[in-house]
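A predicted structure for the sequence below; I have some questions about it.
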Amino acid sequence: MRGFIPNALTLSNLLCGALALVACLMGMDLSLSAFLILMAAGFDFLDGMVARALGVSGELGKQLDSLADVISFGLVPGAMLFRLWMGPEFILYESLEFHPALFGFLFSAAAAYRLGKFNIDESQSHGFKGLPTPAASLFVLSIPLIQRFEPESFLAPIFETSSFYPVAMVCLSLAMLSNFPLIALKFKSLKFKENLLKYILILGSLVLVLIFHFTAIPIVLLLYLLISIADKLIDS
């Protein structure tokens with residue numbers, strides 16, 4: 001029974017992703033899909049923590065986690081990019097004709113490849129190579145949240161242009177597939193000097209969220225990339 005608890009949390013992640021996909025492709029408000037993916041991220045965070053606390057970490061849990069992440073943080077953000085890229089045309093799109101917005105699902109392919117590579121790369125236990133899939137998906141889901149709840153945001157006009165989405169898809173996919181080292185929020189100790197950049201990232205993110213709310217998500221992602229670059233320069 002103890003072993004089933006973390007797996008149930010992982011499957012809750014997958015179910016949130018499945019519901020988010022249905023909501024997205026049925027033409028419902030994309031902010032609903034975004035909130036469901038945020039819930040999936042919560043379950044994704046909890047499953048590993050609960051498994052370690054109960055001492056029941058195993059290979060099945062690892063495989064389920066990756067499968068759930070492919071749905072919630074790979075397939076759903078790709079579908080959201082498809083919807084956002086099409087804009088109002090989505091409601092009218094009833095034929096099987098090709099539409100460039102279908103390229104939004106290349107994000108999903110890149111995310112699946114990134115997750116598979118992470119599973120077999122033991123060097124990523126204390127850091128990442130390439131942008132983590134959940135971080136890339138957070139950028140995508142921030143778009144409908146900003147459009148829905150913060151239409152006066154300075155980023156909102158950018159999201160209104162369809163040309164933004166192919167650029168975002170390419171940049172996010174390449175970032176996930178790259179081998180550039182990025183820091184992970186894993187602490188070997190709590191010493192301030194050893195974790196200075198991580199503390200800056202955490203505190204800076206909290207301040208940005210308090211000030212900018214949902215608009216903070218893309219800014220935090222940029223901060224994460226800049227701090228990782230600074231970390232690389234310091235090490236070299």
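Noted; the coordinates are in hand. Everything numeric in this text was worked out from a predicted model, so none of it was measured. Numbering: from 1, shown residues only.

who touches residue 103 in this structure?
85, 166, 169 (Cβ atoms under 8 Å, 6 or more residues apart in numbering). Yep, even glycine has a C-beta here, placed from its N, CA and C like the rest.

For the helix or strand the last one falls within, give the mean pLDDT please.
Put plainly, it is residue 169. Using DSSP states H and E, the element containing residue 169 is helix 164-177. For helix 164-177, the mean pLDDT works out to 94.

Contacts for that helix next, please.
By Cβ under 8 Å, 6+ apart, helix 164-177 touches 81, 84-85, 100-101, 103-104, 106-107, 109-111, 113-114, 130-133, 136, 139-140, 158.

Select only the buried ones of the residues you listed in PyMOL?
In PyMOL, selecting the buried portion of those, with burial taken from 16 or more other Cβ atoms under 10 Å, looks like this:
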select buried, resi 81+84+85+101+103+104+106+107+110+111+113+114+130+131+132+133+136+139+140
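
Filter the contacts of helix 164-177 down to the ones in helices?
81, 84-85, 106-107, 109-111, 113-114, 133, 136, 139-140, 158 (DSSP state H).

List just the nearest of those residues to residue 41.
residue 133 (10.8 Å; Cβ to Cβ).

Surely that closest one is in contact with residue 71?
No: at 11.3 Å, residue 133 does not count as touching residue 71 under the criterion of Cβ atoms under 8 Å.

Number of residues surrounding residue 20?
For residue 20, the neighbour count with other Cβ atoms under 10 Å is 29.

mind checking how far it is from residue 33?
4 Å (Cβ to Cβ, to the nearest Å).

Same question for residue 51.
For residue 51 relative to residue 33 (Cβ to Cβ), the value is 27 Å.

out of those two, which sits in the busier spot?
residue 33 (28 against 22).

quick one: the one helix or strand that one maps to to chain centroid distance?
Taking DSSP H and E as the criterion, residue 33 maps to helix 30-54. Relative to its chain's centre, helix 30-54 lies at 11 Å (Cα atoms, centre = their mean, to the nearest Å).

is it true that residue 39 touches residue 17?
No: the criterion here is Cβ under 8 Å, and residue 39 misses it with residue 17 at 9.4 Å.

So for residue 20 and residue 33, which residues contact both of them?
In contact with both residue 20 and residue 33: residue 76, using Cβ under 8 Å, 6+ apart.

what's around residue 177, how many residues?
When neighbours are counted by other Cβ under 10 Å, residue 177 registers 16.

So residue 128 lies in a strand, does it not?
Yes: under DSSP: H, G, I helix; E, B strand; the rest coil, residue 128 sits within a strand.

Pretty sure it sits against residue 179.
No: applying Cβ under 8 Å as the test, residue 128 and residue 179 come out as separate, 10.0 Å apart.

More neighbours: which of the two?
residue 128 (21 against 9).

dump the residue contacts of the more buried one.
Residue 128 sits in contact with 118, 181-184, where contact means Cβ under 8 Å, 6+ apart.

what is it paired to in the beta sheet?
residue 182 (DSSP bridges).

roughly how far apart are it and residue 58?
Relative to residue 58, and taking Cβ to Cβ, residue 128 is found at 23 Å.

Quick check: closest non-adjacent residue to residue 213.
residue 150 (6.3 Å; Cβ to Cβ, 6 or more residues apart in numbering).

Now do the closest residue to residue 234 other than its chain neighbours: how many residues are near it, please.
In space, and not counting its chain neighbours, residue 234 is closest to residue 197: 7.8 Å by Cβ to Cβ, 6+ apart. Number of residues near residue 197 (other Cβ under 10 Å) recorded here: 14.

And residue 197, what's its pLDDT?
For residue 197, the model assigns a pLDDT of 79.
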